[in-house]
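> what follows is a predicted structure for the sequence shown.
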Amino acid sequence: MVPSVLEVSRERAWETLTRYTKSEALLRHALAVEASVRAYARKFGEDEELWGVTALLHDFDYELHPTLDKHPQDGAPILREEGYPEVVIEGVLSHAEHLQMPRDTMLKKTLFACDELSGFVHACGLVRPAGLDGLEPKSVKKKLKQPSFAAGVHRDEVYAGAELLGLELDEHIANVVAALQPISKELGLRTAADAA
Ligand SMILES: [Fe+2]
Ligand SMILES: [Fe+2]
């Protein structure tokens, strides 16, 4: 039986995500990547809801499948069963380096470019009294060169992501910082107002 393709909506994606994901850190990661990808969808004049849903769901199965022999490939059939369209499923699959899928659409390029960098910028914000307020690309780049800081973030993927979007790293960082600022509270970040 072919499941009917459902209407892509943020509400539905959030419901799917939170059914499979309980960890606050993972939910915050999903929200951060979503905000960055949405900002680029607006910038590029693309379908913000579709891009946001794909970003929100990209790691939805990580608690269920925390190893690369299962994540995200074993999550894909679940999304298919839930009725998500192939464009979402392909986007989700393409974020994983080990699957070596071509990043042949702007959505795939953008998701890849935002995944690691959103996590890194989030980490930078967490160690600053004012969070992301006043965070300059220069200091993010400095931290990228310190291997011990947010050691889990793959630096090579951050650099490759900016290149894939055809952006200078400074510009890409500034875009991600600006995208995350409005959701500082949801990300557990302080702001300049707290630091004052
Ligand atoms: Fe992932
Ligand atoms: Fe991710």
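Received the coordinates, thanks. Numbering: from 1, shown residues only. Ligands and ions are numbered 1, 2, ... in the order given.

> separation between Gln181 and Arg12?
Noted for Gln181: a distance of 27 Å to Arg12, by CB to CB, to the nearest Å. (C-beta placed from N, C-alpha, C; glycine too.)

> if you could redo that for Pro85, that was the one I meant.
For Pro85, the distance to Arg12 equals 12 Å [CB to CB].

> poorly predicted segments of this structure, please.
Within the chain, the stretches with pLDDT under 70 are 1-6.

> helices of this structure, residue ranges please.
10-20, 24-44, 48-57, 76-81, 86-94, 106-126, 137-144, 155-165, 169-180, 192-195 (DSSP state H).

> who wins for proximity to ligand 2 among these?
Nearest to ligand 2, of all the helices of the chain, is helix 106-126, at 4.4 Å by CB to the ion.

> now the closest one and helix 48-57, what's the angle there?
Put simply, helix 106-126 runs at 60 degrees to helix 48-57, going by axes from the mean of the first three to the mean of the last three CA atoms, to 10 degrees.

> elements contacting helix 106-126?
Under the contact definition 3 or more CB pairs under 8 Å, 6 or more residues apart in numbering; DSSP states H and E, helix 106-126 sits against helix 24-44, helix 48-57, helix 86-94, helix 137-144, helix 155-165, helix 169-180.

> hmm, 6 Å instead?
Helix 106-126 sits against helix 24-44, helix 86-94, helix 155-165, helix 169-180, with contacts defined as 3 or more CB pairs under 6 Å, 6 or more residues apart in numbering; DSSP states H and E.
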